[in-house]
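> sequence first, then the predicted structure:
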Number of protein chains: 4
Amino acid sequence: MDYHAHPVQIYYEDTDLSGVVYHANYLKYFERAREHLIGPTELARLYNEDGIGFVVYKCELTFKQGARLGDLLEIRTRVEQESAYRAVFHQEAWKEGSDKPYVVGEVHLVCVDGDQNMVRMPELHFVSGESA
Amino acid sequence: MDYHAHPVQIYYEDTDLSGVVYHANYLKYFERAREHLIGPTELARLYNEDGIGFVVYKCELTFKQGARLGDLLEIRTRVEQESAYRAVFHQEAWKEGSDKPYVVGEVHLVCVDGDQNMVRMPELHFVSGESA
Amino acid sequence: MDYHAHPVQIYYEDTDLSGVVYHANYLKYFERAREHLIGPTELARLYNEDGIGFVVYKCELTFKQGARLGDLLEIRTRVEQESAYRAVFHQEAWKEGSDKPYVVGEVHLVCVDGDQNMVRMPELHFVSGESA
Amino acid sequence: MDYHAHPVQIYYEDTDLSGVVYHANYLKYFERAREHLIGPTELARLYNEDGIGFVVYKCELTFKQGARLGDLLEIRTRVEQESAYRAVFHQEAWKEGSDKPYVVGEVHLVCVDGDQNMVRMPELHFVSGESA
C-alpha cells in the first residue's frame, strides 16, 4: 500500500437536506487525514513549540458520488514534496467496497510562522495510516 | 422593542439529511447575534488590543420547531448582567411570521484574558439590532 | 465500566482563534458518540427503512475546560430511558489523563417519523464503546 | 458593476487557532452567495416543489490572504452558463478596502432530481446583490 489511509465515519452533522455529505466537508476530511499523516502530537508540537503552522494555498476537488449517513469512508493520501517550501497532497475519499473514489482532490500546502510568513517545511516523518 | 434582533438566513450548509437545521447550529446563530450585539469591530478590538475574549461556560437550549432551507430567522437577545464577571444572554430564534419561537436558550458567558483566566467583563455599549 | 466511550480527536477545524475548541462543537461530539452507541449502520437502517429519525429537543452543557489541537477526548455516555418516547443522554468529554471532565452535558431526544411527528423510540441494542 | 455582491461577516466560528478563517469555510461563503444570487425563496421552491437541487461537481480555490475576526468580506460572483446542464461560478472573497481578493475560486455546478440524476438547469433570474 503506497498511500496513507484514514477512516472517516459519516454522521448526521456531515449531511445536508439533499441526503448526501455537504461538499465543503470533504476539505475537512482531507485535512484530518493530513493531520494524522503528520501525527496529531507532532502537529501540535510544531505549532506550540516551533510556531509553525500549515496553510492551504490552493486546492482542487472533483465530486463523483455523494457519501451518506452511516457510510465509512477511507481517505487515501499521497504526498509529493514540490520544493523545500511546498507540498502537494493527492487525496481521495473512497467508500468501503466501492470500485472508484467518491471525491478526488489535490491540496497544496506551505508552512508559515506566527506572523504568517512562509518558512521551510519541517522534515516530516509520516506515520502509517489505518485502513477503514 | 426591548431585545436585540439579528437576522439569520438558512442555507444548505445549515441543514442535515432530515431537512431541518442541525441542532448544534443554533449555538452558532446565537453567538453571531451576541457578536453583533457587542459589535464585530469592538469585539475584535477587545480581543486584539486588550486580549479579552468571551467564553461560554454554560448553555441550555430547547428546540421547539425545525427551521428549513430558505427560512429567514430572527435571533432575539436580551442580556442580564449577573455580576461584574458574568452575563446571561436570553436568546430565541423566531421565524418571520410565526407566533412562537423555534428555539429558546440561555447562554452564560464570562470574559478571559490570553491565559484563559477570568477577568472583569468590559463595559459593553450594545448596538441596536436590525429586524429580520 | 458503566458508560459508552467514544474517542474524538481534536483537529484544526475544531478550534477557534482563542486556541480552544469552539463551544458548539461539543454538541457534535456528543451526537457522534450517540450515533456510535446506537451503531451507525442501525441508525442509517432506522432512517432509510423505517423512516425514523432522532431529534434533540433539549440540551444543557457546562464547559469546564477547553480542549486544544492534538487532544484526544473520550466522550462518555450513559442513557436513561425516560419513557417509551424519550431518552436522556448524560454525556461528558474527558481528556486522556485528566482527573475531571472538560464538558458535562445532558441531551434529551425523541424519535420522529418522516413528517416530524413523534413516534415510539425503537428498542435500542447499544453497542459497547471503545476507549480513547 | 458586473458581478453579484454578497456580504459575509467573520465570526468566532469561522476562525481556527491560527487566527484566520479555516480554509474550508470559503466554500460555504461562496455557496451562500450563490444561494442569494438565485434567491433563497426560489431555491427552496425549486427543491420542495420541482425536486431540483444544485450539486457541486468540481471546485478550485486559491487562498491569497486570511480573513480575521471582525472582517467584513464581500463575495463577488460571476456566472457562466457552460451548457443547458452546467454552470461555472467565478467567485472571489474581497475584504472591504483591500486592493486584491483574499480568495479566488471556480465552482462548477449541475442540477439533479431527487434520485441524484442530472437534469437541465432551470432558467435562473438572478437577483442583484447588495454591497458589503
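Yes, it's here.
> how far off centre is stretch A:57-77?
10 Å (CA atoms, centre = their mean, to the nearest Å).
> end-to-end on it?
18 Å (CA to CA, to the nearest Å).
> which parts of it are buried?
A:57-63, A:66-77 (16 or more other CB atoms under 10 Å in any protein chain shown). Every C-beta, even on glycine, is put in place using the N, C-alpha and C of the backbone.
> take those residues and keep only those in strands.
Among these, the residues falling in strands (DSSP state E) are A:57-63, A:72-77.
> nearest to chain C, of these?
Nearest to chain C out of these is residue A:72 (CB to the nearest CB; 7.4 Å).
> what ranges do the helices span in chain A?
Taking DSSP state H as the test, the helices found in chain A are A:25-38, A:40-49.
> export these as a markdown table, with columns for mean neighbour count and mean pLDDT.
Shown next, in a markdown table, are these (neighbours: other CB atoms under 10 Å in any protein chain shown; pLDDT from 0 to 100):
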| stretch | mean neighbour count | mean pLDDT |
| --- | --- | --- |
| helix A:25-38 | 24 | 97 |
| helix A:40-49 | 16 | 94 |
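> kindly reformat those helices as a markdown table containing distance to residue D:7.
As requested, the helices of chain A are exported to a markdown table (distance: least, CB to CB, whole Å):
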| stretch | distance to residue D:7 |
| --- | --- |
| helix A:25-38 | 23 |
| helix A:40-49 | 32 |
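> which stretch among these comes nearest residue B:4?
helix A:25-38 (31.7 Å; CB to CB).
> ok, back up a step: out of the helices of chain A, flag the one nearest residue C:27.
Checking those against residue C:27 by CB to CB gives helix A:25-38 as the closest, at 16.6 Å.
> what sits against residue A:29?
Counting by CB atoms under 8 Å, 6 or more residues apart in numbering or on different chains, residue A:29 touches A:8, A:73, A:75, A:93.
> put the alpha carbons of stretch A:89-106 into PDB.
Presented in PDB, the C-alpha positions along stretch A:89-106 are these (Å, rounded to 0.1, in the frame of the first residue of the first chain):
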ATOM      1  CA  PHE A  89      -1.300  16.200  -1.200                       C
ATOM      2  CA  HIS A  90      -3.100  14.000  -3.600                       C
ATOM      3  CA  GLN A  91      -6.200  12.800  -1.700                       C
ATOM      4  CA  GLU A  92      -9.200  10.600  -2.400                       C
ATOM      5  CA  ALA A  93     -12.300   9.600  -0.500                       C
ATOM      6  CA  TRP A  94     -13.300   6.000  -1.000                       C
ATOM      7  CA  LYS A  95     -16.200   4.200   0.400                       C
ATOM      8  CA  GLU A  96     -15.700   0.700   1.700                       C
ATOM      9  CA  GLY A  97     -16.400  -1.800  -1.100                       C
ATOM     10  CA  SER A  98     -16.700   0.800  -3.900                       C
ATOM     11  CA  ASP A  99     -14.600   0.400  -7.100                       C
ATOM     12  CA  LYS A 100     -14.000   4.100  -7.700                       C
ATOM     13  CA  PRO A 101     -13.400   7.100  -5.500                       C
ATOM     14  CA  TYR A 102     -16.200   9.300  -4.300                       C
ATOM     15  CA  VAL A 103     -14.100  12.500  -4.300                       C
ATOM     16  CA  VAL A 104     -10.700  13.200  -5.800                       C
ATOM     17  CA  GLY A 105      -8.600  16.200  -4.800                       C
ATOM     18  CA  GLU A 106      -5.300  18.000  -4.700                       C
END
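> which of the residues in it are buried?
A:89, A:91-95, A:101-106.
> take those residues and keep only those in strands.
Per DSSP E, the buried residues of stretch A:89-106 map to strands at A:89, A:91-95, A:103-106.
> Throw these into a markdown table and include pLDDT and distance to chain D, thanks.
Formatted as a markdown table, those follow (pLDDT from 0 to 100; distance: CB to the nearest CB, whole Å):
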| residue | pLDDT | distance to chain D |
| --- | --- | --- |
| A:89 | 97 | 13 |
| A:91 | 98 | 13 |
| A:92 | 98 | 15 |
| A:93 | 98 | 14 |
| A:94 | 98 | 18 |
| A:95 | 97 | 15 |
| A:103 | 98 | 10 |
| A:104 | 98 | 10 |
| A:105 | 98 | 9 |
| A:106 | 98 | 9 |
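> just the residues you listed now: which is nearest chain C?
residue A:95 (12.8 Å).
> any idea what the closest one is bridged to?
Going by DSSP bridges, residue A:95 is paired in beta bridges with residue A:73.
> swap in residue A:118?
Beta-bridge partners recorded for residue A:118 (DSSP bridges): residue A:112.
> list the contacts for it?
A:85, A:110-112.
> try residue A:14
Residue A:14 neighbours (CB under 8 Å, 6+ apart): A:21-22, A:25, A:67, A:69.
> now, which of these lie close to chain C?
By CB under 8 Å from any CB of the partner chain, the members of the contacts of residue A:14 lying near chain C are residue A:69.
> let me know the closest of the contacts of residue A:14 to residue B:53.
Out of the contacts of residue A:14, the member with the shortest distance to residue B:53 (by CB to CB) is residue A:25, at 27.2 Å.
> excluding chain neighbours, what is closest to residue A:16?
Leaving aside its sequence neighbours, residue A:16 sits nearest to residue A:22 (CB to CB, 6 or more residues apart in numbering or on different chains; 4.4 Å).
> hang on, isn't residue A:113 packed against residue A:52?
Yes - Residue A:113 is in contact with residue A:52 according to CB atoms under 8 Å; the separation is 6.4 Å.
> which neighbours do these two share?
By CB under 8 Å, 6+ apart, the residues touching both residue A:113 and residue A:52 are residue A:119.
> those two - which one has more neighbours?
residue A:52 (18 against 12; other CB atoms under 10 Å in any protein chain shown).
> which residues touch the more buried one?
A:46, A:111-113, A:119, A:122.
> got TSV for the residues you listed, with distance to residue C:38 too?
As requested, those are exported to TSV (distance: CB to CB, whole Å):
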residue	distance to residue C:38
A:46	37
A:111	41
A:112	42
A:113	45
A:119	46
A:122	42
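> next, the distance between the ends of stretch A:94-111.
Note: stretch A:94-111 ends 28 Å apart using CA to CA.
> and residue A:111, how many residues sit next to it?
20.
> you'd agree it is up against residue A:85?
Yes - Residue A:111 lies in contact with residue A:85 (CB under 8 Å); the separation is 7.4 Å.
> how about the residues of chain A that lie near chain D?
Residues of chain A lying near chain D by CB under 8 Å from any CB: A:17-18, A:20, A:23-25, A:27-28, A:31, A:47, A:53, A:55-64, A:66, A:116.
> spatially central residue in chain A, please.
Of all residues in chain A, the one closest to the mean position by CA atoms, centre = their mean is residue A:30, 2.4 Å from it.
> got the contact list for it?
Per CB under 8 Å, 6+ apart, neighbours of residue A:30: A:75, A:77, A:89, A:91, A:93, A:105, A:107.
> contacts only, for residue A:59.
Shown in contact with residue A:59 (CB under 8 Å, 6+ apart): A:27, A:105-108, D:23, D:60-61.
> can you add distance to residue A:40 and give those residues back as a markdown table?
Supplementary listing: the contacts of residue A:59 in a markdown table, determined by distance: CB to CB, whole Å:
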| residue | distance to residue A:40 |
| --- | --- |
| A:27 | 18 |
| A:105 | 21 |
| A:106 | 23 |
| A:107 | 18 |
| A:108 | 22 |
| D:23 | 18 |
| D:60 | 28 |
| D:61 | 25 |
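> turn these into a markdown table, including distance to chain B.
Output for the contacts of residue A:59, formatted as a markdown table (distance: CB to the nearest CB, whole Å):
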| residue | distance to chain B |
| --- | --- |
| A:27 | 13 |
| A:105 | 19 |
| A:106 | 23 |
| A:107 | 20 |
| A:108 | 24 |
| D:23 | 15 |
| D:60 | 19 |
| D:61 | 16 |
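> just those residues now: which is nearest residue A:42?
residue A:107 (18.7 Å).
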